[in-house]
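# This is a predicted model, with the sequence first.
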Amino acid sequence: MAGDAAAIAKGAATGGTAGALKAALKTGSGRKGLMFAAALPLIAGIAVVSMVAGSASSSVTSLKGSHDALSASVVTADFKDEAMVQTLQGIGAETSTDWQVLAAIIKIQKGRFVDKGVGPFGLDMSKVGEEISEKDAADLNASARYVGRKILVAGQGTLSTLDNRALDAGAVDYTSNAGTSARKIPADQNAKDQQSAVKKQYVAALSTLPVKGNPAIANSVYALAQNWAMGANASDSKCAAGSVTLGGSSTVKLNDSQKNYAQYIINTAANRSMPKKAAVIALSTALQESTLRMYWNPKVDGSQELAPDTSAEGTDGYSVGLFQQQVHGSEYSWGTVSDAMNPDKSATMFLNALDRVSGWDAMDVSVAAQTVQVSAFPSAYAKWEDMATQLVTDLKPTGSGSFSDGDSTPAPSASPSPSGDATATPSPTAPAKPVISADGCTFGVGSGSAGKGDDYPFKEPAGACAWCSDVDADGNVDPWTLYKRECVSFVAWRMNVQMGWKEGQPYPFTPSKLGLGGFGSAVEWKGNLAKAGFVTDSTPKVGAIAWWDAFVTAPSTITGEAGHVAVVSAVNADGTISLEEYNFNPWRYGTRTIPAADVTGFIHVADISDTSPSSTASPSPSPSAK
């Protein structure tokens, strides 16, 4: 019996509850005890293991139980739904899945603003096949069991091979400066290796789930679940928006965190005795840049530790926070990462910059915001003006300051679509505006103009042979790190133009600006640009990127392993599209008109208004999968 207890205790120490259960099943007394616990939830299972193991494992299971209780309390506080958390705990035990992971998927899917899936887990019904009905996908219990089983199956041969697969593998308990119990991963290399192994295998398993946003959200799901397993929540963050008092109720559909951040911005403008319009400009900017979420960035050291919601992971350059302010040593002037990740200080930095703009108070809201932000989509701020104005009207200042113009409401300086919902899109009659993707990036309509024939600046030098793609006096790589005169280089040029680039300005469409390691060959553009928030679908638009996968054998286009890209110059009423491209004929500019259905997909980076007479209809073909 003592040997059995020691074995169970060792299992618990190395593998958490799962390890204890696994060890118990290898012992005679453990099997007998666990027979009675088979149908009980996790806590009951822990109690039986503790009873069987006796004093040798009581401290281990007690500690594990206290960790679970701490985790449950912070997740309940984040969701404000104790019944849901209890349901997930039970289903997690039933499916041998960490319940915090189930909760993290739900949390991240709740934060999606476009392309939402079905039910609490955002299931992608096009990928689930016959495995679950839409009705069950919308049900918490049924969908949690489905997702839990999918994770269990995906973990076979990955997570199942680890000695310790716990989310908090390697963590130790300590007492914080405030005197409260806390957990952390120590600097010990063994602990770091344990956590790294669990993360690698968990992310691999999570990436296979048929949920919206995958595989891009897998890292964020793990980070949030691991954070919760360690007993950390939003209130532990230095920039948590929990201490501000709302100045009133609002009909604008924002969650509590978003409203708190809005209140911070309003109070900061009032504390500076600025006119109400300053708050409207600042709010319009924050809504566009982050949809009022405190984004961290893996390229900015320290930002994740300051993030109240680890699912809000951004990738744009070195941008962080509500205003996506660039923080990169002395290269950018927005201040420290802690300032940019603090709602009050980041708003102060924005308003300081706004105050330095001569005549800002007479400018349109979008013009003033763009003057500060220098965005690739300067007109994008206008669509948030109505919402920002409503928020300023509803959430009056609750700090020590007041607006210099009292309670007067600024008149809108633009005409965005009326909306009380942060997920709303412009009305059909309004000028097209960029759309917000799930991670806060923009895609859709550019602010620049269409190209004019072969306006590409890196034409083949006079006298160079037709097949010498690398011949160039100033090197063979363009400003976007692509080889000159290739199809991708030409399309990158056009995207910069369509995004509003002017001579003397930095290019907006570059890998570093979009937070990418590189654009890659044409076949990689769909996946790489998706990471930056751009959408690929089957609907052609003027200015969109026509994208072909590898080894396509369409009637008009045959590709090799690198694929191909071109720019749509017209969408025609007969179901064809006109294209501009480079290197369809070796390293030269060309145009052609082909069936839209011959294209694998269309990437919407900076579409432009289509005014061509032939564009009386905009077909939405369904290209065959290639």
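Here it is on my side, so go on.

# which strand is the longest one in the protein?
As assigned by DSSP state E, the longest strand anywhere in the chain is strand 576-585.

# Can you give the strand pairings for that strand, parallel or anti for each?
Strand 576-585 sits in its sheet next to strand 564-571 (antiparallel), strand 588-595 (antiparallel), going by DSSP bridges.

# quick check: mean pLDDT across it?
Averaged across strand 576-585, pLDDT comes to 90.

# what does stretch 290-303 give?
Averaged across stretch 290-303, the pLDDT comes to 86.

# sorry, back to before: pull out the buried positions in the longest strand of the chain.
Buried residues in strand 576-585, counted by 16 or more other C-beta atoms under 10 Å: 576-584. Placement of C-beta: from N, CA and C, glycine included.

# thinking again about what came up before, which of the strands paired with strand 576-585 is buried the deepest?
strand 564-571 (a mean of 25; mean count of other C-beta atoms under 10 Å).

# what's in contact with that one?
450-451, 487-488, 490-491, 494, 522, 525, 540-548, 552, 557, 577-581, 584, 591, 596, 602-603, 610, 612, 614-615, 617-619 (C-beta atoms under 8 Å, 6 or more residues apart in numbering).

# and these, which of them are in strands?
545-548, 577-581, 584, 591, 602-603.

# Any chance you could list what contacts stretch 507-522?
Stretch 507-522 has contacts (C-beta under 8 Å, 6+ apart) with 297, 299, 314-317, 319, 376, 479-482, 487-488, 492, 495-496, 499-501, 506, 525, 528-529, 531-532, 547-548, 559, 562-565, 605-606.

# How far does stretch 500-513 sit from its chain's centre?
Stretch 500-513 sits 23 Å away from the centroid of its parent chain (C-alpha atoms, centre = their mean, to the nearest Å).

# Over it, what's the mean pLDDT, rounded is fine.
Averaged across stretch 500-513, pLDDT comes to 81.

# Same question for that stretch: list its buried residues.
Quick answer for stretch 500-513 (16+ other C-beta under 10 Å): 500-501, 507-513.

# of the contacts of strand 564-571, buried ones?
When these are checked for burial by 16+ other C-beta under 10 Å, the buried set is 450-451, 487-488, 490-491, 494, 522, 525, 540-548, 552, 557, 577-581, 584, 596, 602-603, 610, 615, 619.

# follow-up on the earlier one: tell me the one of the ones in strands among the contacts of strand 564-571 nearest residue 95?
For the ones in strands among the contacts of strand 564-571, the closest approach to residue 95 (C-beta to C-beta) belongs to residue 603, at 37.5 Å.

# mind listing the strands for the stretch 401-550 of the chain?
If DSSP state E, counting those that start in this stretch is used as the criterion, the strands of the stretch 401-550 of the chain fall at 435-436, 442-443, 535-537, 545-548.

# Please tell me how far residue 541 sits from residue 604.
Computed with C-beta to C-beta, to the nearest Å, the distance linking residue 541 and residue 604 is 6 Å.

# meant to ask about residue 597, not that
For residue 597 relative to residue 604 (C-beta to C-beta), the value is 18 Å.

# Residues in a beta bridge with residue 319, which ones?
Beta bridges link residue 319 to residue 326, judged by DSSP bridges.

# OK, contacts around it?
Contact partners of residue 319, counting by C-beta under 8 Å, 6+ apart, are 289, 295, 297, 325-327, 515.

# cool, residue 228 as well?
Neighbouring residues of residue 228 by C-beta under 8 Å, 6+ apart: 71, 74-75, 78, 100, 103-104, 167.

# Cool, thanks, talk later.
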